[in-house]
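Undergrad: The sequence and its predicted three-dimensional model are supplied below.
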Amino acid sequence: MALPEPEVREELPYRVELWHVDGHARVERVLARALSAQLAQAIFKAAQEEHPRRRITLSKGDQVISDSGGQS
């Protein structure tokens, strides 16, 4: 007998995004979502190490909290 699916959907307000390298101002993919700011910052830092010359942003809703600017 399967357990019922929970009806409450967990909100993950923070996004870590990898941007296209082709010069277009668009997100290539969302690398991660997080529930807390502390976890989101740790993921952002790890993403910068994984993609050193790529633009990575950390956002909450429409607000950009951190932006690597594509700097290594």
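TA: Cool, got the structure.

Undergrad: alpha carbons only for contacts and neighbour counts from here, please
TA: Noted.

Undergrad: Spatially, and excluding backbone neighbours, which residue is closest to Gln41.
TA: Spatial nearest neighbour of Gln41, excluding adjacent residues (C-alpha to C-alpha, 6 or more residues apart in numbering): Leu58 at 7.6 Å.

Undergrad: what pairs with the one you found across the strands?
TA: According to DSSP bridges, the residues that bridge with Leu58 are Val16, Ser66.

Undergrad: ok, how many other residues are close to it?
TA: Using other C-alpha atoms under 10 Å, Leu58 has 25 other residues around it.

Undergrad: remind me, longest strand of the chain?
TA: strand 27-34 (DSSP state E).

Undergrad: returning to what we had before: wait, the residue nearest to Gln41 touches Val64, no?
TA: Yes: counting by C-alpha atoms under 8 Å, Leu58 sits close enough to Val64 to count as a contact (5.9 Å).

Undergrad: Could you check how far the most centrally placed residue in the chain is from Arg26?
TA: In the chain, the centroid-proximal residue (C-alpha atoms, centre = their mean) is Val16; its distance is 1.0 Å. Using C-alpha to C-alpha, to the nearest Å, Val16 is found at 13 Å from Arg26.

Undergrad: how close does the residue nearest to the centre of the chain get to Val64?
TA: Counting by C-alpha to C-alpha, the gap from Val16 to Val64 is 10 Å.

Undergrad: who touches both of those two?
TA: Each of 57-58 lies in contact with both Val16 and Val64 under the rule C-alpha atoms under 8 Å, 6 or more residues apart in numbering.

Undergrad: Count the residues that sit near the nearest residue to Lys60 once chain neighbours are set aside.
TA: Distances taken as C-alpha to C-alpha, 6+ apart place Tyr14 nearest to Lys60, at 4.6 Å, with adjacent residues excluded. Tyr14: 22 surrounding residues under other C-alpha under 10 Å.

Undergrad: List the contacts of Tyr14.
TA: 33-37, 40, 58-61.

Undergrad: ok, now Val30?
TA: Taking C-alpha under 8 Å, 6+ apart as the test, what Val30 contacts is 15-18.
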